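>>> Predicted model and sequence below, questions to follow.
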Amino acid sequence: MDPKTYDQLKLALTRRHFLRDCTVGLGAMALTSLLERDGLAGGSVAPSVNPLRPRPGHFPAKAKAVIFLFQCGGPSHLELFDPKPTLNRLHGEVVPPSFTQGRRFAFIRPDAKLLGCKRRFAKAGRVGADISELLPYHREIADDICFLKGMKTDVFNHGPAKVFLNTGSPQFGRPSMGSWITYGLGSESQSLPAFVVLQSGPRGPRGGAAIWSSGFLPTVYAGVPFLRGPQPILDLATPPGISPAQQSQFIDAVRDLNRLRLETVGDPEIETRINAYETAFRMQTAAPEVMDLSGETEATLRLYGVQRGQPSFAANCLLARRLVERGVRFVQLLHTDWDHHGGPLNLETSIEQITREVDQPSAALIKDLKHRGLLDETLVLWGGEFGRTPMGEPRESIGRDHHIDAYTMWLAGGGIKRGYVHGQTDEIGYYVVEGQVHVHDLQATILHQLGLDHTRLTYRFQGRDYRLTDVHGRVVHEILA
């Protein structure tokens with residue numbers, strides 16, 4: 001080649017030309033990757049749309065992700081957040097018939113006696129929130145959280161009440177809150193599930209998988225339970241003897257067959273299957289990495305109270321932070337054994353054990369998110385499916401029955417007021433007298449902070465439109481920053 005011609009050609013082959021015009025170059029490969037992520041790339045068959053691609057909400061959001069610290073069993077607001085001197089003074093008195101007549105409880109009898117609280121409380125933070133001696137670490141975050149002391153629900157049995165809090169209906173088969181949120185917004189993570197479930201405690205929660213089910217939504221929006229240990233998802237590891245190249249070829253072939261079937265029948269569950277295969281392939285590296293805490297500093301482990309190699313609520317709180325850092329949209333932690341009726345589970349000994357398990361890591365999560373600049377965009381929710389009665393149960397040790405008319409939860413981050421107490425109960429903690437927040441109101445407010453209008457986030461099923469809040473719910477603007 002003539003040297004002059006060669007020099008001219010070399011000048012023409014700029015980096016911009018290489019990226020723009022070479023169809024098998026870096027620019028084309030990067031563009032193809034981005035299009036596939038958004039479900040817009042395809043070959044000879046019609047492409048499937050990625051159902052978990054990130055999507056904007058109905059309006060600008062305050063929060064990007066949710067961490068729900070679900071205390072399964074019904075924590076007693078009277079022992080934790082809502083001291084009642086009048087209740088203590090009336091200890092042993094029989095409640096008036098009007099308190100029990102026509103009302104439903106799990107075990108309370110009509111002649112139930114009021115049960116005072118033996119726990120000491122102290123004012124915490126500038127807000128002066130009442131926090132029990134059982135939750136000393138919570139006192140350190142009092143000015144970062146918003147206490148909802150006027151919570152109310154409709155369902156008094158554990159399984160249906162848990163399902164109601166999470167799905168908006170006591171009946172099994174409805175989509176959970178995490179499923180609704182990922183249906184509305186998709187996920188920022190390309191290598192982890194959009195909705196992750198972490199469990200701790202001696203057993204699984206009543207209600208089981210219905211708590212994180214996608215219901216009638218496509219199953220791609222269901223919560224994915226992570227197991228303890230280095231392999232958090234069953235059957236995720238590559239079988240022995242299969243090379244990465246062979247596995248990739250297999251997944252590509254199955255994807256192409258599924259896309260052909262999708263083009264023929266249009267079943268949305270086929271999209272779920274396609275996405276599941278591709279996400280699982282990426283998760284083979286991402287899931288074990290996020291579960292591996294070996295890279296966390298000793299200071300961070302001490303902050304949460306994590307013992308290396310030991311699964312716990314503390315370890316799950318740390319994992320929740322790691323998951324939202326990696327773009328997971330909704331993380332739900334479930335910790336059981338808050339059902340303090342008396343007997344083995346009581347308000348004397350077992351409540352001390354369970355509060356030790358959850359107090360430090362719950363507070364550490366707020367501190368850690370705040371330190372890393374994540375609290376403003378992460379909405380943290382703490383609480384159970386209902387509260388406990390001011391009346392005790394006639395058992396061998398102290399306990400309280402389920403109570404739906406008044407209890408406490410708290411929120412933090414995600415555009416919620418910090419250091420704020422909303423709501424008030426009466427002198428014995430039986431009824432809400434100010435600032436009532438129904439479960440549907442809480443659901444509507446969580447969706448609102450994520451940029452979703454709870455009245456517009458709907459899905460048509462069996463001839464009607466459904467939504468998380470059914471036909472109820474209002475955004476609690478009083479608690480918004």
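Happy to help now that I have it. As the structure is a prediction and not an experimental result, all values here were calculated from the model.
>>> So which residues of the chain form helices?
Assigned by DSSP state H, the chain shows helices spanning 3-12, 15-21, 26-37, 77-80, 85-89, 158-167, 177-185, 244-265, 268-291, 298-304, 313-325, 350-371, 439-449.
>>> Residue 463: which of those is closest?
Closest to residue 463 of those, according to C-beta to C-beta: helix 268-291, at 17.2 Å. (Glycine included, C-beta is placed from N, CA and C.)
>>> and residue 56, how many residues sit next to it?
11 (other C-beta atoms under 10 Å).
>>> If we ignore the residues flanking it in sequence, what's nearest it?
residue 451 (7.2 Å; C-beta to C-beta, 6 or more residues apart in numbering).
>>> For that neighbour, which residues are in contact?
If you count contacts by C-beta atoms under 8 Å, 6 or more residues apart in numbering, residue 451 has them with 56-62, 185.
>>> residues contacting the residue nearest to residue 157 when sequence neighbours are not counted?
Once flanking residues are discounted, residue 157 sits nearest to residue 106: 6.6 Å by C-beta to C-beta, 6+ apart. The contact partners of residue 106, by C-beta under 8 Å, 6+ apart, come to 156-157, 341, 401-402.
>>> go on, residue 155?
Residue 155 is in contact with 161, 164, 170, 385-386, 404, counting by C-beta under 8 Å, 6+ apart.
>>> Redo those residues as a markdown table? Include pLDDT and distance to residue 436.
Shown next, in a markdown table, are the contacts of residue 155 (pLDDT from 0 to 100; distance: C-beta to C-beta, whole Å):
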| residue | pLDDT | distance to residue 436 |
| --- | --- | --- |
| 161 | 97 | 17 |
| 164 | 98 | 16 |
| 170 | 95 | 19 |
| 385 | 98 | 17 |
| 386 | 98 | 14 |
| 404 | 97 | 12 |
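>>> wait, which of the residues you listed is closest to residue 151?
Closest approach between these and residue 151, by C-beta to C-beta: residue 386, at 8.3 Å.
>>> can you list the weak-confidence ranges in the stretch 51-200 of the chain?
Low-confidence segments of the stretch 51-200 of the chain, defined by pLDDT under 70, are absent.
>>> Now with 80, please.
Applying pLDDT under 80 to the stretch 51-200 of the chain flags the ranges 101-102, 104, 110.
>>> how about the strands of it, start to end?
Taking DSSP state E, counting those that start in this stretch as the test, the strands found in the stretch 51-200 of the chain are 65-71, 121-124, 129-132, 145-152, 195-200.
>>> who's in contact with residue 82?
Contacts for residue 82 (C-beta under 8 Å, 6+ apart) come out as 130, 149, 408, 425, 429.
>>> State the distance from it to residue 423.
Residue 82 sits at a distance of 10 Å from residue 423 (criterion: C-beta to C-beta, to the nearest Å).
>>> same thing with residue 251?
On the measure of C-beta to C-beta, residue 251 and residue 423 end up 51 Å apart.
>>> These two: which is more packed in?
Applying other C-beta under 10 Å to residue 251 and residue 423 shows that residue 423 carries more neighbours, namely 23 against 15.
>>> Now do the contacts for the residue lying closest to that one once chain neighbours are set aside.
The shortest distance from residue 423 to any non-neighbouring residue, by C-beta to C-beta, 6+ apart, is to residue 150 (2.5 Å). Residue 150 makes contact with 406, 422-425, 432, 434-437, according to C-beta under 8 Å, 6+ apart.
>>> Same check on residue 348?
Counting by C-beta under 8 Å, 6+ apart, residue 348 makes contact with 118, 397-398.
>>> Need the buried ones from these selected in ChimeraX.
For the buried members of the contacts of residue 348, the matching ChimeraX selection, counting by 16 or more other C-beta atoms under 10 Å, is:
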select :397,398
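>>> Closest to residue 244 out of the contacts of residue 348?
Looking across those and measuring by C-beta to C-beta, the closest to residue 244 is residue 397, at 57.3 Å.
>>> Give me the pLDDT for that closest one.
Looking at residue 397, its pLDDT is 84.
>>> wait, doesn't it sit right on residue 343?
Yes. When contacts are counted by C-beta atoms under 8 Å, residue 397 is listed as touching residue 343 (6.2 Å).
>>> that older thread, output the contacts of residue 106 as TSV; include the columns neighbour count and distance to residue 447.
Shown next, in TSV, are those (neighbours: other C-beta atoms under 10 Å; distance: C-beta to C-beta, whole Å):
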residue	neighbour count	distance to residue 447
156	20	25
157	17	26
341	22	34
401	23	31
402	25	27
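>>> Can I get those residues in a markdown table including distance to residue 265?
Shown next, in a markdown table, are these (distance: C-beta to C-beta, whole Å):
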| residue | distance to residue 265 |
| --- | --- |
| 156 | 44 |
| 157 | 40 |
| 341 | 51 |
| 401 | 51 |
| 402 | 46 |
